[in-house]
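Q: take this sequence and fold it.
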Amino acid sequence: MSRLTGGIFNLSDKLQMASLEHRHKRGNVLAANIANSETPGYRAVGYDFEDQLATVAGLESTIPMKVSHPSHYRNGFTTADGKIEAEMFVRPTESIPEDGNTVDVDGEMVQMAENQILFRSAVESLNRKIGMIRYAINGGR
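A: Numbers count the residues shown, from 1 in each chain. This is a model prediction of the structure:
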């Protein structure tokens with residue numbers, strides 16, 4: 001990502017760009033959970049990346065570890081080129097119904113709505129940044 005964006009975008013912008021990809025993937029996971037809400041034996045799946053993203057934001061102030069190849073890992077979830085490896089997991093549940101399906105449709109819908117709001121806010125923020133850059137390029141016109 002850094003080669004494409006150069007010095008125009010700051011760390012916050014780059015983190016928002018990374019979050020867009022992961023929010024899209026989370027939306028797909030939530031949609032799959034909802035689609036399988038009537039499938040016997042289906043276990044609800046989760047997709048977590050916020051902790052990894054927050055850690056990456058905090059890592060920029062530390063001295064980076066030297067790596068010899070971009071696919072080497074800096075830590076347990078971030079490659080040397082800055083790509084975040086999110087965690088996909090089967091959600092733990094207190095009790096499993098007789099049919100074995102652990103999807104809570106109401107909970108999934110709440111998470112999907114939250115994910116959509118955060119996705120749209122990141123898109124809006126990046127659109128404003130691009131608008132400011134366009135404004136500067138056009139000389140204030």
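
Q: show residues contacting stretch 37-44.
A: The contact list for stretch 37-44, computed with Cβ atoms under 8 Å, 6 or more residues apart in numbering, reads 33, 36, 90-91, 93, 99-105, 108. C-betas here are computed from N, CA, C, even on glycine.

Q: which one (most neighbours) among the residues you listed?
A: Highest neighbour count within the contacts of stretch 37-44, by other Cβ atoms under 10 Å: residue 33, with 25 neighbours.

Q: can you find the helix or strand of this protein with the lowest average pLDDT?
A: The weakest-scoring helix or strand in the chain, judged by mean pLDDT, DSSP states H and E, is helix 2-5 (a mean of 49).

Q: which other helices and strands does the helix or strand just after it contact?
A: Downstream of helix 2-5, the first helix or strand assigned by DSSP states H and E is helix 11-35. Using 3 or more Cβ pairs under 8 Å, 6 or more residues apart in numbering; DSSP states H and E, the elements in contact with helix 11-35 are helix 2-5, strand 45-48, helix 50-59, helix 105-137.
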